[in-house]
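> Fold the following, please.
(2 chains)
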Amino acid sequence: MKFEGTDSYVATRDLTLAVNAAVALQRPLLIKGEPGTGKTLLAEEVARALNMPLFQWHVKSTTKAQQGLYEYDAVSRLRDSQLGDPRVEDISHYIVHGVLWQAFECEEPSVVLIDEIDKADIEFPNDLLRELDRMEFHCYELHRTIKAKHRPLIIITSNNEKELPDAFLRRCFFHYIKFPDRETMQRIVGVHFPVLKHELLKEALEVFFDLREVPGLKKKPSTSELIDWLKLLLAEDIPPEALRAKEAKDAIPPLHGALLKNEQDVHLFERLAFMSRRKP
Amino acid sequence: MLVDFFLHLKSRQLPASTKELLALLEALEARLVTGSLDDFYLLSRTLLVKDEALYDRFDRAFGEYFKGVEALPGFDAMVPEEWLEQAARKHLSEADRARLQKLGYEKVLEQLKERLAEQKERHAGGSKWIGTAGTSPFGHGGYNPEGVRIGGESVGNRTAIKVWDQREFRNLDDSLDLGVRNIKVALRRLRRFARKGAATELDLDGTIAGTARNGGWLDLHLRPERHNAIKVLLFLDVGGSMDDHIQACEELFSAARSEFKHLEHFYFHNCVYEGVWKDNHRRHGERLSTWDVIHTYGPDYKLIFVGDASMSPYEVGRPGGSVEHWNEEAGAVWLQRMIDAWPRAAWLNPLAENYWGYTPSIGMIREVMGNDRMFPLTLDGLERAMRSLSK
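I've put the predicted structure just below:
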């Protein structure tokens, strides 16, 4: 069972190696990288390629580690008790299973995505140490230990907004998705737009990489922005010549709103374009 | 097996643990990689390094271990980036290339060591010194059949013996540039939640406990919402030498604005005296007396100065030292008064920490602040400052 990328996801050699190491040694894999380089997508594609069910846990600033295990729904039980519902006798009716519980009880090996772990409280990763290490936890209400039938492949993404604790990092494998070079980018685009005209692609990549070089941009456009932009170019049926018109970067590429997401960046870029146009 | 490699990484200050070494051995046993050194490099990086800021250090350590160039002491420290800037690109004719004699690898390293010792400044275009775009075996962007590439992008000749140091991750090394988002996260360390105001939120635990105590009849409990209760006074140095740091200060200010509900800001020039102002355009018209500020805000406020603290020593130490007006009392006196009024204080300095020693006024202000409470305006410095403030 080896992951080699899929027909809709280009994985570089270093990435496949990291994923396969995590699969073989059954350790969690921590993924970092610029926004828009396909961190979250990776879990979906791995699950699809290896034919395993995927459980997703999207972390927010208010997420608690306990919510990934289970929650005791006291309010429902209270309501049922007020209404005299017989279900109230059995507490297990009010234990709501979290993502990890579902994955642990799953009859086949599965993939668990813990998305944007850095959004949660600083203590969040520490609260999951034992669960990720031993793949088991104790449910106090039921007096029962939930143990994974098959150790799931856990993929964790982070945007680097908080430092993760050392103890947590030691238990994970780590991979940093670096921004794809031109060759890889060409393959990525080829996967998404198999019938894209060669000319258009060449010009578009030219514009795109030029744009990334512009100094002082607050948010450089990334892969997902390039894909969106190409979609727009195709939808609007922009000819390749329109992109080439930007001799020596003296014009703003059409539909640049898909590439630059920040008002200040657009202003900066327009100013630069204006200045270079004034040059003889 | 691999213990030497592991110890070598440790000696290069890579924080790997035994657990991770065992994982690496386990991976090798599972035949995850076979034979290829490139694959082994990727695998060991995945398993041993847990932070992209350390990738560059790992690349260097790995290169050293597998190419046997540990013999070069201080290899990295001695070649400053500016030498290597791609200043010019020299195009050699085929005949020129042929003329370049091939030196042996051993000899190349030997010479490099000597040159490193001799060379003192940036160099481009020659044929002996380390630098850019020349035909010397050292540096980058040039041509020599058996050169050692030091930093820089390869220009396509690809004949350097030692290409291990692609150093792709150099930019990720810790000195992350400060963005508003990063600053916010750092400032967040200074949070203390407290419940104040009207009770509008359902207190679920309280309700359940109350209901249980009530024998099963609903007993609703409400409580006030949680707020960040930290109060901050921000004093910003403007004008003069601070012009170089406008961007960093703007970012800090906008992050602080959205992070703290109770934030008051004031401006001063170089050092605080009897007056500060809130609007920089009307700085001469609308001055506030510093005494008033001290009396208005209670000691529960935290005091943060932002400034480069670089000025003439008289501006801190003497009455009448200010560059703008005649001050009756010395800057240090005012500074001391403010620190007495708000004991939780920190000074953020946009100048890099290693330059502080060259400016006497920085030393004087640090002395007044006491307890090492001046911090550089970097992510790391901000975190330290916030930690010191929340003590």
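> Run through the residues that contact residue B:211.
Listed by C-beta atoms under 8 Å, 6 or more residues apart in numbering or on different chains, the contact partners of residue B:211 are A:78, B:217-219. (Glycine included, C-beta is placed from N, CA and C.)
> tell me which residues in the strand or helix carrying it are buried?
Residue B:211 is located in helix B:204-213, with elements delineated by DSSP states H and E. Buried positions in helix B:204-213, judged by neighbour count with 16 or more other C-beta atoms under 10 Å in any protein chain shown: B:207-208, B:211.
> Just the CA coordinates for it, please, in CSV.
Written as CSV, here are the backbone C-alpha positions of helix B:204-213 (Å, rounded to 0.1, in the frame of the first residue of the first chain):
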residue,chain,number,x,y,z
LEU,B,204,-24.7,25.7,31.4
ASP,B,205,-22.7,24.1,34.2
GLY,B,206,-24.4,26.4,36.7
THR,B,207,-27.8,25.6,35.3
ILE,B,208,-27.3,21.9,35.5
ALA,B,209,-25.9,22.0,39.0
GLY,B,210,-28.7,24.4,40.1
THR,B,211,-31.4,22.2,38.5
ALA,B,212,-30.0,19.1,40.2
ARG,B,213,-30.1,20.8,43.5
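> elements contacting whichever helix or strand comes after that helix?
Scanning forward in sequence from helix B:204-213 by DSSP H and E, the next helix or strand is strand B:222-228. The criterion is 3 or more C-beta pairs under 8 Å, 6 or more residues apart in numbering or on different chains; DSSP states H and E, and the helices and strands that strand B:222-228 contacts are strand B:193-202.
> Quick check: residues of chain A near chain B?
A:13-14, A:17-18, A:20-21, A:24-25, A:27, A:30, A:32, A:74-75, A:78, A:81-82, A:161-162, A:166, A:169-170, A:172-176, A:178, A:218 (C-beta under 8 Å from any C-beta of the partner chain).
> Weed out the non-buried ones from the residues you listed.
When the residues of chain A next to chain B are checked for burial by 16+ other C-beta under 10 Å, the buried set is A:14, A:17-18, A:20-21, A:25, A:27, A:30, A:32, A:78, A:162, A:169-170, A:172-176, A:178.
> Just the ones in helices from those, please.
Applying DSSP state H to those, the entries found in helices are A:14, A:17-18, A:20-21, A:25, A:78, A:169-170.
> Surely residue B:227 is in contact with residue B:201?
No. With the criterion set as C-beta atoms under 8 Å, residue B:227 and residue B:201 do not qualify as a contacting pair; they are 11.3 Å apart.
> about what we covered before: tilt between the helix holding residue B:211 and strand B:222-228?
Between the axes of helix B:204-213 and strand B:222-228, defined by axes from the mean of the first three to the mean of the last three C-alpha atoms, to 10 degrees, the angle is 160 degrees.
> could you give the mean pLDDT of helix B:204-213?
Averaged across helix B:204-213, pLDDT comes to 86.
> Contacts only, for residue A:4.
Under the contact definition (C-beta under 8 Å, 6+ apart), the residues listed for residue A:4 are A:11, A:16, A:49.
> Please produce CSV containing the residues you listed, extended by neighbour count.
Output for those, formatted as CSV (neighbours: other C-beta atoms under 10 Å in any protein chain shown):
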residue, neighbour count
A:11, 21
A:16, 16
A:49, 19
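> now, among those residues, which is nearest to residue B:43?
Each of the contacts of residue A:4 was scored against residue B:43 by C-beta to C-beta, and residue A:16 proved nearest at 11.2 Å.
> Pull up the gap between that closest one and residue A:49, please.
Distance, residue A:16 to residue A:49, using C-beta to C-beta, to the nearest Å: 10 Å.
> which residues are common contacts for the two?
A:3-5.
> Same list, these, but as a markdown table with secondary structure please.
Supplementary listing: those in a markdown table, determined by DSSP: H, G, I helix; E, B strand; the rest coil:
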| residue | secondary structure |
| --- | --- |
| A:3 | coil |
| A:4 | coil |
| A:5 | coil |
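> helices and strands of chain B: which one bottoms out on pLDDT?
With mean pLDDT, DSSP states H and E as the measure, the helix or strand of chain B carrying the lowest mean pLDDT is helix B:81-84 (a mean of 39).
> any idea of the pLDDT on residue B:238?
pLDDT for residue B:238: 80.
> quick one: it and residue B:267 touch, right?
Yes. A contact is recorded between residue B:238 and residue B:267 when judged using C-beta under 8 Å, the distance being 5.0 Å.
> Could you pull out the buried residues of stretch A:25-42?
By neighbour count, and taking 16+ other C-beta under 10 Å as the criterion, the buried residues in stretch A:25-42 are A:25, A:27-34, A:36-39, A:41-42.
> again with stretch B:368-381
In stretch B:368-381, residues buried by neighbour count (16+ other C-beta under 10 Å) are B:368-369, B:373-379, B:381.
> Please apply the same query to stretch A:175-184.
For stretch A:175-184, a neighbour-count test (16+ other C-beta under 10 Å) marks A:175-178, A:180 as buried.
> Report the contact partners of the residue in the stretch 201-350 of chain B that chain A sits nearest to.
Of the residues in the stretch 201-350 of chain B, the one nearest chain A is residue B:208, at a distance of 5.5 Å by C-beta to the nearest C-beta. Residue B:208 sits next to A:74, A:78 when contact means C-beta under 8 Å, 6+ apart.
> My reading is that residue A:210 lies in a helix. Confirm?
Yes. Remark: residue A:210 belongs to a helix, assigned using three-state DSSP.
> Run a quick neighbour tally on it.
Residue A:210 is surrounded by 12 other residues when neighbours are defined as other C-beta atoms under 10 Å in any protein chain shown.
> What does the pLDDT read for it?
Taking residue A:210 on its own, its pLDDT is 81.
> Now do it against chain B, distance only.
When distance is defined by C-beta to the nearest C-beta, to the nearest Å, residue A:210 is 17 Å away from chain B.
> Quickly note the distance from the spatially most central residue of chain A to residue A:224.
By C-alpha atoms, centre = their mean, chain A has its centre lying nearest to residue A:40, at 1.7 Å. Taking C-beta to C-beta as the criterion, residue A:40 is separated from residue A:224 by 10 Å.
> Pick the one among the buried residues of stretch A:175-184 closest to residue B:344.
The shortest approach to residue B:344 among the buried residues of stretch A:175-184 belongs to residue A:176, at 37.5 Å (C-beta to C-beta).
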